[in-house]
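K.L.:
Got a sequence here, can you build the structure:
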Amino acid sequence: MPLSKIFLRIKYCGIIMINVKNLSVSFEDSVIINNISFHVKRGETLVVMGKNGSGKSVLLKSLSGLIDEYKGEIEIDGIDINELFRQRGKSFKHGDSACVVSYVFQKGGLFDSLNIFDNTAFGLRRMGIIEDEVVQRVLASIQRVGLKGAEEKLPSELSGGMQKRAGLARAVCMNPTVILYDDPTAGLDPILTDSITDLIIEIKNSLNSTSIVATNDLKVAKKIADKVGLLYAGRFVSYMESSEFFKESDPYTRQFIRGELDGPIDVL
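P.N.:
Residues are numbered from 1 along each chain as shown. So this is what the prediction gives:
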């Protein structure tokens with residue numbers, strides 16, 4: 001490969017963390033994601049919005065490897081995600097600071113039979129991290145999200161907000177390069193929503209992580225987003241800087257932000 005192309009690839013990978021080209025996802029005869037392309041720069045937060053069933057969760061699960069039946073290309077830090085996830089276990093076992101993608105599930109995604117400590121430690125143990133380091137990282141992450149003292153409790157003993165914090169602790173302890181949040185404030189009251197939002201911002205700033213957040217909470221989006229993408233009919237009908245999005249500069253964003261029945265987005 002010519003040196004010029006090697007240089008361009010190194011430079012490109014340093015700027016772009018998530019790169020998606022012509023991504024399509026279908027289930028049987030139903031097209032959920034329809035040939036979309038976009039990128040997220042290192043350290044940016046992209047908020048993905050759209051009415052229920054628009055494909056927000058499907059997009060996140062495709063980026064995380066939870067859905068592997070798709071067409072197109074997905075790269076994280078210049079590496080195809082299939083190759084990234086194949087190498088990840090080996091990288092961790094050898095202490096390499098490889099690119100790590102963490103997924104924060106909408107309802108916490110905790111194992112009912114495991115206490116909060118073991119839930120948080122699950123991913124680290126699966127990747128072969130030595131137990132002394134597991135303990136250190138898990139306790140630090142649990143304290144970071146405000147759950148110190150809850151290590152021995154089961155998920156059923158925690159409130160919904162605390163379960164979401166436990167899910168964040170599990171993601172944070174992996175020292176992720178990329179964090180994917182699936183509706184992290186769903187079902188929370190305004191005070192807890194603001195608390196979780198502040199925690200997302202703190203995690204991004206401290207880890208310099210690149211984030212994609214699926215949410216329809218306009219207040220959350222306005223507070224955390226660098227860019228906003230609005231999904232409709234499997235495509236981004238709006239993809240722009242957050243400040244521009246909230247100016248309601250096109251019919252799609254205007255209808256969505258105002259919650260109007262009339263407009264290009266159907267209500268069914």
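K.L.:
tally of neighbours for residue 132?
P.N.:
When counting by other C-beta atoms under 10 Å, one arrives at 8 neighbours for residue 132. All C-beta spots, glycine's among them, are computed from the backbone N, C-alpha and C.
K.L.:
and whichever strand or helix holds it, average pLDDT?
P.N.:
Using DSSP states H and E, the secondary-structure element containing residue 132 is helix 131-144. The pLDDT scores in helix 131-144 average 94.
K.L.:
Relative to the whole chain's centre, how far out is stretch 59-71?
P.N.:
Computed by C-alpha atoms, centre = their mean, to the nearest Å, the separation of stretch 59-71 from the middle of its chain amounts to 12 Å.
K.L.:
what comes up buried for that stretch?
P.N.:
59-65, 67, 70 (16 or more other C-beta atoms under 10 Å).
K.L.:
so who does the closest residue to residue 112 other than its chain neighbours touch?
P.N.:
Of all residues beyond its chain neighbours, the one nearest residue 112 is residue 155 (5.9 Å), with distances taken as C-beta to C-beta, 6 or more residues apart in numbering. Residues near residue 155 by C-beta atoms under 8 Å, 6 or more residues apart in numbering: 108, 110-112, 114, 116, 119, 163, 166.
K.L.:
do the same with residue 69
P.N.:
With contact taken as C-beta under 8 Å, 6+ apart, residue 69 is in contact with residue 25.
K.L.:
do residue 257 as well
P.N.:
Taking C-beta under 8 Å, 6+ apart, one finds 218, 246, 248 in contact with residue 257.
K.L.:
of these, buried ones?
P.N.:
Buried, going by 16+ other C-beta under 10 Å: 218, 246, out of the contacts of residue 257.
K.L.:
Closest one of the contacts of residue 257 to residue 146?
P.N.:
Distances from those to residue 146 were compared by C-beta to C-beta; the smallest belongs to residue 218, at 25.2 Å.
K.L.:
how close does the closest one get to residue 47?
P.N.:
In this structure, residue 218 and residue 47 are separated by 10 Å, where distance is defined by C-beta to C-beta, to the nearest Å.
K.L.:
got it, and residue 59?
P.N.:
Residue 59 sits 12 Å away from residue 47, taking C-beta to C-beta as the criterion.
K.L.:
hang on, the earlier thing: report the lowest-confidence entry in the contacts of residue 257.
P.N.:
Minimum confidence in the contacts of residue 257 sits at residue 248, scoring 93.
K.L.:
Report the contact partners of that residue.
P.N.:
254, 257-258.
K.L.:
Tell me where the stretch 1-150 of the chain has strands.
P.N.:
All strands of the stretch 1-150 of the chain, identified by DSSP state E, counting those that start in this stretch, fall at 16-27, 30-41, 45-49, 71-76, 79-80, 101-104.
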